[in-house]
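[1] I'd like to go over a predicted model; first the sequence, then the structure.
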Amino acid sequence: MSEAKTENQLRVDERLQHIAFIMDGNGRWAQRRKMPREYGHKVGAANFKKVVRHCGDIGIKTVTVYAFSTENWSRPPREVKAIMRLLEEYLDGCDADPDAQSIRYRFIGDRSVLSEDLRRRIDRIEEISAGRELTLNVALNYGARDEIVHAVNSLLARGVEKVSAEDISSALYTAHSPDPDLIVRTGGELRLSNFLLWQAAYAELYFTDVLWPDLSEEDVDEAVRHFYARQRRFGGV
Ligand code: IPE
Ligand code: IPE
Ligand code: MG
């Protein structure tokens, strides 16, 4: 990192603890280059590492990324396989990645249908990274409706007869993290696509046409500046 960059670097404060990213646009990024969609996921995965590192550099404590939704299984098997393969590669490499030594990995979503191999890798990285500083929630086979249903069922199984909002929050996959302050979606679509529906109640939303593989550190800073320019009222005046 250059000195000039360090000097000018943005720093967040306690108002912005958690940024979540809907990493969209990999497929279109590749198609525009006459390349297969899988190539877009590969470049997107590399960019994901860069973006997470930058979030850590500017002082974000929790980053959540939407990597694969409960609906993404409907894609062609070849594409699904390529995404799962990239995830495995990522999990195998992140241990040795000097930029990732402060990351605490947490996977959110329904793991029960993932391959045994992938599950083993996930358990391992969660275990060895426990206690580290920057929490990275990777949403994998994640769907917010699925998460809420799962939460309510787990409360029922515990014998709870009447649920409160706190009960639900504490039974979600994200129970360990504060709600996101800012949700950034790349790729130009203006929707949440079943991401963090409960937790996003008061999140600031930021949409950009930039496709995920192109999202730069400066683009992240731009989203952060937009966040600070907003007035969060939480229903007050
Ligand atoms: C990445 O972007 C998100 C994933 C589901 C992995 P897409 O693959 O949805 O890319 P576009 O939206 O088709 O361009
Ligand atoms: C959302 O992107 C899911 C992820 C980024 C993993 P999609 O590309 O699946 O969303 P839709 O289909 O445009 O709503
Ligand atoms: Mg998409």
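    Good, I have the coordinates. Ligands and ions are numbered 1, 2, ... in the order given.

[2] how about low-confidence regions in the protein?
    For the chain, applying pLDDT under 70 flags the ranges 1-8.

[3] Quick check, central residue of it?
    Taking CA atoms, centre = their mean, the centroid of the chain lies closest to residue 65, which sits 1.1 Å from it.

[4] got the residues of this protein near ligand 2?
    Residues of the chain lying close to ligand 2 by CB under 6 Å from any ligand atom are 22-24, 66-69, 72, 189, 191, 193. (C-beta placed from N, C-alpha, C; glycine too.)

[5] hmm, try it at 8 Å
    Neighbours of ligand 2 within the chain, by CB under 8 Å from any ligand atom: 22-24, 27, 66-69, 71-72, 139, 142, 187, 189, 191, 193-195, 212.

[6] So what does residue 24 look like in phi/psi?
    phi -110, psi 150 (degrees, to the nearest 10).

[7] From ligand 1, how far out is it?
    5 Å (CB to the nearest ligand atom, to the nearest Å).

[8] for the spatially closest residue to that residue that is not a sequence neighbour, helix, strand, or coil?
    Spatial nearest neighbour of residue 24, chain neighbours left out: residue 187 (3.3 Å); criterion: CB to CB, 6 or more residues apart in numbering. Secondary structure for residue 187, judged by DSSP: H, G, I helix; E, B strand; the rest coil, is coil.

[9] So residue 187 versus residue 93, what's the distance?
    Taking CB to CB, to the nearest Å as the measure, residue 187 and residue 93 are separated by 25 Å.

[10] Looking at the two, which is more packed in?
    residue 187 (21 against 11; other CB atoms under 10 Å).

[11] Kindly confirm my reading that residue 205 is in a strand.
    Yes - counting by three-state DSSP, residue 205 is located in a strand.

[12] Surely it is in contact with residue 180?
    No - using CB atoms under 8 Å, residue 205 is not in contact with residue 180, being 9.8 Å away.
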